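Student: my questions are about this predicted structure, shown below with the sequence.
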Amino acid sequence: MRDLPKSSDLLDWYDHNARKMPWRVSPKDRAQGVLPNPYFIWMSEVMLQQTTVAAVKDYFNRFTTRWPSVVDLANAADSDVMGEWAGLGYYARARNLLKCARYVVEHHDGHFPNTYDALIKLPGVGPYTAAAISSIAFDTAATVVDGNVERVMARVFDIHTPLPTAKAELTEKAAALTPMIRSGDYAQAVMDLGATICTPKKPACGLCPWSKPCLARQSGSEAELPKKLPKKVKPTRYGIAYVVRRIDGAILLETRPDHGLLGGMLGFPTTEWGETPKDAAPIKADWKSLNTEVKHTFTHFHLKLTVKTALVPFDRPATVGDFIEKAEFRVSDLPTVMRKVFDATQSGLPRK
């Protein structure tokens, strides 16, 4: 019978190699009784969904400096939170962030519940996030499985079933290795192992604490795991973005509907996004099209935007949105695709 990887070996490695993160309590501090902040753990996990640690750190620091507790966040204005989130992507997460904070304040007296069953009921909290919070913040033996953990399990057990089909099998293997003691440190250790040693390309097996019992290492298949089903080809959608400046410098912006992509975010008025968008100018003007096309990729499709610009007099009414005074306009409040539109107006030339 083969020897299974030991959690103690991984924890020994983690004690010396844990990554430093602003929301994390180091294993040394945790051993001395310092407890993680559940609000920080929740915030980081929501931000880290489909985003890298490097991209999240600055956002996390800004959010927790401006709103140091869940009560502070719950009392924040929606527009302020959406503005701080701009550029991080997947904007439904920002809307759920506010919903969850307000729910915790209203139903849990401003304290995050400490069980998986209670956490999974919070707005925007799915199985992974509930497991991560209950494990990391409250040290319960929940099974935390992200992309890093899936890769480690696929290699340790030499599982060739492609993802996402293999998710249940990989979760079962991860659960079998999760210890009852130091569960939170262990969850972070597996994720760190995948992020720093058991990487997608050229894993550093010589440095891995689980190298000896790793079946993929023994068979030489580590570089090809985990296997994945072929990705579907993303369709391309088209649209027109309208950038309107008033003669006093004010810029026309609209707050997008709460539902759908970029929900609740500020942006330039656009047409619907589809195969053949119909012109839907938000104001009567002498429009000029830029010779620069804006390209952006969302989770399920590529987007190509034609950018039209116009300068209008002070008293020209718009059919959508509101003019934002020049002194109040911050391009940083815009989501990434709208920043690209703005940048195009700074560098693109009108098409004759």
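Tutor: Structure's in. What do you need?

Student: assign Val152 to helix, strand or coil.
Tutor: helix (DSSP: H, G, I helix; E, B strand; the rest coil).

Student: ugh, wrong one, Thr140
Tutor: Under three-state DSSP, Thr140 falls in the coil class.

Student: domain assignment for this structure?
Tutor: By the assignment in automatic domain parsing, the chain contains the domains 7-224, 236-347.

Student: report the mean per-residue pLDDT for the first one.
Tutor: Per-residue pLDDT values across domain 7-224 average out to 94.

Student: which stretches in the protein count as helices?
Tutor: Ranges of helices within the chain are 7-17, 27-31, 38-48, 53-66, 70-74, 78-85, 92-108, 116-119, 127-132, 147-156, 167-177, 183-196, 215-219, 336-347, based on DSSP state H.

Student: so which of those helices is nearest Asp139?
Tutor: helix 183-196 (4.5 Å; Cβ to Cβ). (Glycine included, C-beta is placed from N, CA and C.)

Student: helices or strands next to that closest one in the packing?
Tutor: helix 7-17, helix 27-31, helix 147-156 (3 or more Cβ pairs under 8 Å, 6 or more residues apart in numbering; DSSP states H and E).

Student: mind doing that once more with 6 Å?
Tutor: On a contact count with 3 or more Cβ pairs under 6 Å, 6 or more residues apart in numbering; DSSP states H and E, helix 183-196 meets helix 7-17, helix 147-156.

Student: for those, which one ends up most surrounded?
Tutor: Comparing these by mean neighbour count (mean count of other Cβ atoms under 10 Å), helix 147-156 comes out on top with a mean of 24.

Student: contact partners of that one?
Tutor: Helix 147-156 has contacts (Cβ atoms under 6 Å, 6 or more residues apart in numbering) with 5, 170, 173-174, 190-191, 193-195, 198, 210, 214, 216, 222, 225-226.

Student: repeat for stretch 117-129
Tutor: Here stretch 117-129 has contacts from Glu45, Asn96, Lys99, Cys100, Tyr103, Pro113, Ala130, Ile133, Ser134, using Cβ under 6 Å, 6+ apart.

Student: got JSON lines for the helices and strands packed on helix 183-196, with distance to Phe268 too?
Tutor: Output for the helices and strands packed on helix 183-196, formatted as JSON lines (distance: least, Cβ to Cβ, whole Å):
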{"stretch": "helix 7-17", "distance to Phe268": "46"}
{"stretch": "helix 147-156", "distance to Phe268": "34"}
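
Student: go through stretch 239-249 and flag the buried ones.
Tutor: Neighbour-count burial for stretch 239-249 flags Gly239, Ile240, Ala241, Tyr242, Val243, Val244, Arg245, Arg246 (criterion: 16 or more other Cβ atoms under 10 Å).

Student: got TSV for those, with distance to Thr292 and pLDDT too?
Tutor: TSV is the format used below for the buried residues of stretch 239-249 (distance: Cβ to Cβ, whole Å; pLDDT from 0 to 100):
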residue	distance to Thr292	pLDDT
Gly239	15	96
Ile240	13	96
Ala241	11	96
Tyr242	15	96
Val243	12	96
Val244	17	95
Arg245	17	94
Arg246	22	94
